[in-house]
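*Asks:* With the sequence up front, the predicted model follows.
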Amino acid sequence: MTTEQTTAEGFSYTLERTLETPVAAVWSAWTTAESYAQWSYAAPGSVEMDVRPGGTWKATMVTPDGGQFPLTGFYSEVDENRRLVIGMDVPGKNEPAVMTVELAEQSAHRTRIVVAQTCDTADERNLAEQGTTMLLESLTAFLKTAN
């Protein structure tokens, strides 16, 4: 069972899901390069992660039409099995985009995930929210097959 909640205000959005998997498995999927590469639409061999405050990450994402674009960023907060604050370098912008991923263990085999981001415009928010929705759907499918 997956419950879904979406909230959008101004140029921010919050997506919430309940996943039928332990919090440690969700954390590992977000923080282990091999796992992340399997569900995040990343090009094979392109994901690198140094998951610690100040650590960096990079990945080349593949769009549904086969296009590829490289992404880079950093981790500003890392609280194992609870919270990731991830910065993403955005070409042409002075400030990085920041996404917050919060996990809450609801039981031994159930985790609530909340992903939030604030963008500069409504169009950016809509695109980011669409991309994050796709990521959460892919993460959910990955976790069902991994556990």
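*Replies:* That came through fine.

*Asks:* Would you map the strands across this protein?
*Replies:* Assigned by DSSP state E, the strands in the chain fall at 4-9, 12-19, 48-49, 56-62, 68-79, 83-88, 97-107, 110-118.

*Asks:* Mind giving me the packing neighbours of the third one?
*Replies:* Think strand 48-49. On a contact count with 3 or more C-beta pairs under 8 Å, 6 or more residues apart in numbering; DSSP states H and E, strand 48-49 meets helix 33-39, strand 56-62. Every residue, glycine included, has its C-beta placed from N, CA and C.

*Asks:* among those, which is nearest residue 117?
*Replies:* strand 56-62 (15.8 Å; C-beta to C-beta).

*Asks:* The closest one - contacts with which helices or strands?
*Replies:* Judged by 3+ C-beta pairs under 8 Å, 6+ apart, strand 56-62 is in contact with strand 48-49, strand 68-79.

*Asks:* what's the spacing between the shortest one and its chain's center?
*Replies:* On the basis of C-alpha atoms, centre = their mean, to the nearest Å, strand 48-49 is displaced by 14 Å from the centre of the chain it belongs to.
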